[in-house]
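> pasted the sequence and its predicted model underneath.
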Amino acid sequence: MIEIANLTKRYGARAAVDDISFSVPPGRVTGFLGPNGAGKSTTLRILLGLDRSDAGTALIDGKPYRRLRYPLHTVGALLDGAGPVPERRAIDHLTWIAQSNRIPRQRVSEVLDAVGLGGVAKRQVKKLSLGMGQRLGLAAALLGNPEILVLDEPVNGLDPDGIRWVRTFLRDYAAQGRTVLLSSHLMTEMADTAHEVVVIARGRITAHGPLDEITAGHASLESAFFALTGDQGSRW
Ligand SMILES: Nc1ncnc2c1ncn2[C@@H]1O[C@H](COP(=O)(O)OP(=O)(O)OP(=O)(O)O)[C@@H](O)[C@H]1O
(Lines give C-alpha, C1' and ligand atoms only; values in the text may rest on other atoms or scores of the structure.)
Protein backbone atom coordinates (compact mmCIF):
# COMPACT_ATOMS: atom_id res chain seq x y z
CA MET A 1 0.00 0.00 0.00
CA ILE A 2 1.19 3.49 -0.89
CA GLU A 3 -0.13 6.43 1.12
CA ILE A 4 0.52 10.03 0.22
CA ALA A 5 -0.74 12.50 2.83
CA ASN A 6 -0.70 16.30 2.61
CA LEU A 7 2.46 16.19 0.53
CA THR A 8 3.96 19.54 -0.46
CA LYS A 9 7.14 20.32 -2.35
CA ARG A 10 8.21 23.85 -3.25
CA TYR A 11 10.86 25.05 -5.64
CA GLY A 12 11.42 28.66 -4.65
CA ALA A 13 8.08 30.37 -4.25
CA ARG A 14 6.29 27.86 -6.46
CA ALA A 15 4.69 24.64 -5.18
CA ALA A 16 5.43 21.77 -7.59
CA VAL A 17 3.21 19.61 -5.39
CA ASP A 18 0.66 21.36 -3.22
CA ASP A 19 -0.87 19.49 -0.27
CA ILE A 20 -1.83 16.32 -2.14
CA SER A 21 -3.25 13.17 -0.58
CA PHE A 22 -4.16 9.82 -2.11
CA SER A 23 -3.61 6.13 -1.51
CA VAL A 24 -2.80 3.34 -3.92
CA PRO A 25 -4.42 -0.01 -3.10
CA PRO A 26 -3.14 -3.49 -3.97
CA GLY A 27 -4.71 -5.58 -6.72
CA ARG A 28 -5.25 -2.58 -8.99
CA VAL A 29 -3.32 -0.57 -11.53
CA THR A 30 -3.48 3.05 -10.40
CA GLY A 31 -2.76 5.66 -13.01
CA PHE A 32 -1.18 8.95 -11.96
CA LEU A 33 -2.25 11.24 -14.73
CA GLY A 34 -1.42 14.85 -15.46
CA PRO A 35 0.05 17.21 -18.04
CA ASN A 36 3.74 18.04 -18.31
CA GLY A 37 4.90 19.86 -15.21
CA ALA A 38 1.87 18.80 -13.12
CA GLY A 39 3.97 17.31 -10.33
CA LYS A 40 3.96 13.58 -11.10
CA SER A 41 7.71 12.99 -11.13
CA THR A 42 8.21 15.19 -8.08
CA THR A 43 5.70 13.06 -6.16
CA LEU A 44 7.26 9.79 -7.30
CA ARG A 45 10.79 10.98 -6.54
CA ILE A 46 9.76 11.87 -2.98
CA LEU A 47 7.96 8.52 -2.63
CA LEU A 48 11.15 6.72 -3.68
CA GLY A 49 13.41 8.67 -1.34
CA LEU A 50 15.16 10.60 -4.11
CA ASP A 51 13.92 13.98 -2.94
CA ARG A 52 12.56 15.45 0.28
CA SER A 53 9.14 16.98 0.83
CA ASP A 54 8.60 20.33 2.51
CA ALA A 55 5.53 18.97 4.28
CA GLY A 56 3.45 15.81 4.46
CA THR A 57 4.34 12.16 4.04
CA ALA A 58 4.75 9.59 1.30
CA LEU A 59 4.71 6.09 2.81
CA ILE A 60 5.23 2.60 1.44
CA ASP A 61 3.79 -0.09 3.67
CA GLY A 62 3.61 2.52 6.42
CA LYS A 63 7.22 3.72 6.16
CA PRO A 64 9.17 6.30 4.22
CA TYR A 65 11.33 4.65 1.53
CA ARG A 66 14.52 5.38 3.44
CA ARG A 67 13.30 3.33 6.38
CA LEU A 68 12.46 0.22 4.35
CA ARG A 69 14.76 -2.58 5.40
CA TYR A 70 14.96 -4.23 1.98
CA PRO A 71 13.77 -1.55 -0.45
CA LEU A 72 14.17 -3.55 -3.67
CA HIS A 73 12.23 -6.43 -2.16
CA THR A 74 9.40 -4.08 -1.24
CA VAL A 75 9.12 -1.67 -4.17
CA GLY A 76 10.44 -1.86 -7.73
CA ALA A 77 10.80 1.42 -9.59
CA LEU A 78 11.30 2.58 -13.15
CA LEU A 79 12.11 6.27 -13.37
CA ASP A 80 13.38 8.53 -16.11
CA GLY A 81 16.98 9.54 -15.83
CA ALA A 82 20.01 7.48 -14.89
CA GLY A 83 20.01 4.43 -17.13
CA PRO A 84 22.38 1.49 -17.32
CA VAL A 85 25.96 1.86 -18.58
CA PRO A 86 25.55 1.59 -22.39
CA GLU A 87 28.55 -0.69 -22.87
CA ARG A 88 27.38 -3.16 -20.24
CA ARG A 89 25.51 -6.29 -21.29
CA ALA A 90 21.87 -6.54 -20.18
CA ILE A 91 22.60 -9.56 -18.00
CA ASP A 92 25.59 -7.86 -16.35
CA HIS A 93 23.54 -4.77 -15.57
CA LEU A 94 20.98 -6.89 -13.73
CA THR A 95 23.59 -9.08 -12.07
CA TRP A 96 25.29 -6.00 -10.65
CA ILE A 97 22.02 -4.76 -9.13
CA ALA A 98 21.19 -8.24 -7.83
CA GLN A 99 24.59 -8.70 -6.21
CA SER A 100 24.53 -5.31 -4.54
CA ASN A 101 21.12 -6.12 -3.06
CA ARG A 102 21.73 -9.70 -1.97
CA ILE A 103 19.39 -11.07 -4.59
CA PRO A 104 20.27 -14.58 -5.82
CA ARG A 105 21.89 -14.69 -9.26
CA GLN A 106 19.27 -17.08 -10.59
CA ARG A 107 16.66 -14.33 -10.20
CA VAL A 108 18.39 -12.46 -13.05
CA SER A 109 17.44 -15.05 -15.64
CA GLU A 110 13.95 -15.26 -14.17
CA VAL A 111 13.31 -11.54 -14.64
CA LEU A 112 14.92 -11.52 -18.09
CA ASP A 113 12.49 -14.26 -19.12
CA ALA A 114 9.58 -12.52 -17.40
CA VAL A 115 10.05 -9.42 -19.58
CA GLY A 116 10.87 -11.40 -22.74
CA LEU A 117 14.56 -10.47 -22.91
CA GLY A 118 15.97 -13.98 -22.34
CA GLY A 119 17.15 -14.14 -25.96
CA VAL A 120 19.12 -10.88 -25.83
CA ALA A 121 20.58 -11.18 -22.33
CA LYS A 122 24.15 -10.94 -23.62
CA ARG A 123 23.52 -7.94 -25.84
CA GLN A 124 25.06 -4.62 -24.83
CA VAL A 125 22.54 -2.15 -23.47
CA LYS A 126 23.32 0.35 -26.23
CA LYS A 127 22.33 -2.26 -28.83
CA LEU A 128 18.86 -2.81 -27.37
CA SER A 129 15.85 -1.16 -29.00
CA LEU A 130 13.95 1.49 -27.03
CA GLY A 131 11.28 -1.05 -26.14
CA MET A 132 13.88 -3.57 -25.01
CA GLY A 133 15.53 -0.86 -22.91
CA GLN A 134 12.22 -0.19 -21.17
CA ARG A 135 11.80 -3.91 -20.56
CA LEU A 136 15.29 -4.02 -19.07
CA GLY A 137 14.29 -1.21 -16.70
CA LEU A 138 11.22 -3.20 -15.75
CA ALA A 139 13.37 -6.32 -15.24
CA ALA A 140 15.54 -4.36 -12.80
CA ALA A 141 12.41 -3.22 -10.95
CA LEU A 142 11.26 -6.85 -10.68
CA LEU A 143 14.54 -8.25 -9.33
CA GLY A 144 13.47 -8.15 -5.69
CA ASN A 145 10.06 -9.67 -6.54
CA PRO A 146 8.40 -6.61 -4.99
CA GLU A 147 4.75 -6.34 -4.01
CA ILE A 148 4.76 -2.76 -5.28
CA LEU A 149 5.76 -1.30 -8.66
CA VAL A 150 6.18 2.44 -9.26
CA LEU A 151 6.73 3.42 -12.87
CA ASP A 152 7.21 6.91 -14.28
CA GLU A 153 6.02 7.15 -17.89
CA PRO A 154 6.85 3.51 -18.72
CA VAL A 155 5.41 3.63 -22.24
CA ASN A 156 7.08 6.85 -23.36
CA GLY A 157 8.45 6.37 -26.85
CA LEU A 158 7.20 2.81 -27.24
CA ASP A 159 5.47 1.54 -30.38
CA PRO A 160 1.92 0.10 -30.15
CA ASP A 161 3.20 -3.44 -29.61
CA GLY A 162 5.48 -2.28 -26.81
CA ILE A 163 2.68 -0.30 -25.20
CA ARG A 164 0.34 -3.28 -25.33
CA TRP A 165 2.98 -5.52 -23.82
CA VAL A 166 3.57 -3.14 -20.87
CA ARG A 167 -0.18 -2.75 -20.36
CA THR A 168 -0.78 -6.50 -20.23
CA PHE A 169 2.22 -7.05 -17.99
CA LEU A 170 1.10 -4.44 -15.45
CA ARG A 171 -2.50 -5.64 -15.37
CA ASP A 172 -1.32 -9.21 -14.82
CA TYR A 173 0.98 -8.02 -12.04
CA ALA A 174 -1.88 -6.26 -10.28
CA ALA A 175 -4.11 -9.30 -10.79
CA GLN A 176 -1.71 -11.19 -8.52
CA GLY A 177 -2.80 -8.86 -5.70
CA ARG A 178 0.16 -6.52 -6.10
CA THR A 179 0.22 -2.73 -6.17
CA VAL A 180 1.01 -0.86 -9.39
CA LEU A 181 1.32 2.93 -9.63
CA LEU A 182 2.21 4.36 -13.00
CA SER A 183 2.40 7.92 -14.18
CA SER A 184 1.56 9.10 -17.64
CA HIS A 185 0.47 12.16 -19.54
CA LEU A 186 -1.16 9.93 -22.18
CA MET A 187 -4.86 9.79 -21.39
CA THR A 188 -5.89 7.20 -23.96
CA GLU A 189 -3.17 4.85 -22.76
CA MET A 190 -4.20 5.37 -19.15
CA ALA A 191 -7.83 4.68 -19.98
CA ASP A 192 -6.79 1.26 -21.35
CA THR A 193 -4.45 0.34 -18.51
CA ALA A 194 -5.58 1.74 -15.17
CA HIS A 195 -8.36 0.57 -12.86
CA GLU A 196 -8.02 3.63 -10.63
CA VAL A 197 -7.02 7.12 -11.68
CA VAL A 198 -5.48 9.99 -9.76
CA VAL A 199 -5.48 13.19 -11.79
CA ILE A 200 -2.99 15.91 -10.91
CA ALA A 201 -2.82 19.37 -12.46
CA ARG A 202 -0.64 22.28 -11.33
CA GLY A 203 0.44 20.38 -8.25
CA ARG A 204 -3.07 19.59 -7.01
CA ILE A 205 -5.26 16.50 -7.20
CA THR A 206 -8.28 17.32 -9.34
CA ALA A 207 -9.92 13.89 -9.46
CA HIS A 208 -9.39 10.48 -7.86
CA GLY A 209 -11.37 7.26 -8.13
CA PRO A 210 -12.15 4.17 -10.17
CA LEU A 211 -11.75 4.77 -13.89
CA ASP A 212 -15.41 4.00 -14.63
CA GLU A 213 -16.58 6.52 -11.99
CA ILE A 214 -14.26 9.21 -13.31
CA THR A 215 -15.38 8.69 -16.89
CA ALA A 216 -19.11 8.16 -16.13
CA GLY A 217 -21.18 10.56 -18.21
CA HIS A 218 -18.21 11.53 -20.38
CA ALA A 219 -17.21 10.30 -23.81
CA SER A 220 -13.68 9.51 -22.70
CA LEU A 221 -11.19 9.96 -19.89
CA GLU A 222 -9.89 12.93 -21.83
CA SER A 223 -13.22 14.75 -21.86
CA ALA A 224 -13.78 13.78 -18.21
CA PHE A 225 -10.48 15.37 -17.31
CA PHE A 226 -11.25 18.63 -19.06
CA ALA A 227 -14.73 18.78 -17.55
CA LEU A 228 -13.46 18.03 -14.04
CA THR A 229 -10.69 20.56 -14.09
CA GLY A 230 -12.01 23.24 -16.39
CA ASP A 231 -8.72 22.90 -18.26
CA GLN A 232 -9.02 23.63 -21.95
CA GLY A 233 -6.34 21.11 -22.79
CA SER A 234 -3.91 23.60 -24.22
CA ARG A 235 -1.00 22.06 -22.36
CA TRP A 236 -1.72 18.40 -23.20
N1 LIG B 1 14.67 20.47 -9.45
C2 LIG B 1 13.73 21.37 -9.78
N3 LIG B 1 13.95 22.69 -9.64
C4 LIG B 1 13.00 23.59 -9.93
N5 LIG B 1 11.77 23.29 -10.39
C6 LIG B 1 11.49 22.00 -10.56
C7 LIG B 1 12.45 20.96 -10.27
N8 LIG B 1 11.87 19.76 -10.52
C9 LIG B 1 10.63 20.03 -10.97
N10 LIG B 1 10.39 21.35 -10.99
C11 LIG B 1 9.15 22.02 -11.39
O12 LIG B 1 8.10 21.42 -10.66
C13 LIG B 1 6.94 21.27 -11.48
C14 LIG B 1 6.52 19.82 -11.49
O15 LIG B 1 7.47 19.06 -12.23
P16 LIG B 1 7.38 17.50 -12.40
O17 LIG B 1 8.61 17.06 -13.13
O18 LIG B 1 7.08 16.87 -11.12
O19 LIG B 1 6.11 17.35 -13.36
P20 LIG B 1 5.59 16.08 -14.15
O21 LIG B 1 4.13 16.00 -13.91
O22 LIG B 1 6.40 14.88 -13.83
O23 LIG B 1 5.83 16.51 -15.66
P24 LIG B 1 6.38 15.68 -16.92
O25 LIG B 1 5.21 14.92 -17.45
O26 LIG B 1 6.82 16.79 -17.82
O27 LIG B 1 7.51 14.83 -16.44
C28 LIG B 1 7.31 21.83 -12.84
O29 LIG B 1 6.87 23.16 -12.91
C30 LIG B 1 8.81 21.76 -12.85
O31 LIG B 1 9.34 22.77 -13.68
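Yep, it's here. Please read all numbers here as calculations on a predicted model, not as lab measurements.
> how far off centre is the one helix or strand A58 maps to?
A58 belongs to strand 55-60 when assigned by DSSP states H and E. With CA atoms, centre = their mean, to the nearest Å as the basis, strand 55-60 stands 17 Å off its chain's centre.
> could I get the buried residue list for that strand?
56, 58-60 (16 or more other CB atoms under 10 Å). Every C-beta, even on glycine, is put in place using the N, C-alpha and C of the backbone.
> try stretch 122-142
For stretch 122-142, by 16+ other CB under 10 Å, it's 124-125, 128, 131-142.
> picking that back up, other residues contacting the strand holding A58?
1-8, 19-21, 43, 46-47, 64-65, 68, 74-75, 148 (CB atoms under 8 Å, 6 or more residues apart in numbering).
> is it true that R28 touches H195?
Yes: using CB atoms under 8 Å, R28 is in contact with H195, at 4.2 Å.
> so for the two, which residues contact both of them?
Common neighbours of R28 and H195 (CB under 8 Å, 6+ apart) are A174.
> which of these two has more residues huddled nearby?
Comparing R28 with H195 by neighbour count (other CB atoms under 10 Å), the higher total belongs to R28, at 20 against 16.
> mind listing what that one touches?
Counting by CB under 8 Å, 6+ apart, R28 has contacts 174, 179-180, 195-196.
> again, but for A15
Contacts of A15 by CB under 8 Å, 6+ apart are 8-9, 203.
> hang on, the earlier thing: pLDDT and distance to G217 added to the buried residues of strand 55-60, as TSV?
What follows is these, written out as TSV (pLDDT from 0 to 100; distance: CB to CB, whole Å):
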residue	pLDDT	distance to G217
G56	98	32
A58	98	32
L59	98	34
I60	97	34
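> can you put these in TSV and add distance to the ligand?
Formatted as TSV, the buried residues of strand 55-60 follow (distance: CB to the nearest ligand atom, whole Å):
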residue	distance to the ligand
G56	15
A58	13
L59	19
I60	19
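> now these in a markdown table, with distance to L94?
Formatted as a markdown table, these follow (distance: CB to CB, whole Å):
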| residue | distance to L94 |
| --- | --- |
| G56 | 34 |
| A58 | 27 |
| L59 | 28 |
| I60 | 22 |
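> longest single helix anywhere in this structure?
helix 160-175 (DSSP state H).
> buried ones in it?
In helix 160-175, counting by 16+ other CB under 10 Å, buried: 162-163, 165-167, 169-171, 173-174.
> is it true that A90 touches K126?
No: counting by CB under 8 Å, K126 is not a contact partner of A90; they are 10.5 Å apart.
> end to end on stretch 19-37, go ahead and measure it.
16 Å (CA to CA, to the nearest Å).
> are that stretch and the ligand in contact anywhere?
Yes: using CB under 6 Å from any ligand atom, stretch 19-37 reaches the ligand at 34, 36-37.
> pipe these into JSON lines and attach distance to D152 per row.
Shown next, in JSON lines, are those (distance: CB to CB, whole Å):
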{"residue": "G34", "distance to D152": "12"}
{"residue": "N36", "distance to D152": "13"}
{"residue": "G37", "distance to D152": "14"}
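> got a winner among the residues you listed for most neighbours?
Ranked by neighbours (other CB under 10 Å), the residues of stretch 19-37 next to the ligand are led by G34, which has 27 neighbours.
> quick check: closest non-adjacent residue to it.
Leaving aside its sequence neighbours, G34 sits nearest to I200 (CB to CB, 6 or more residues apart in numbering; 3.9 Å).
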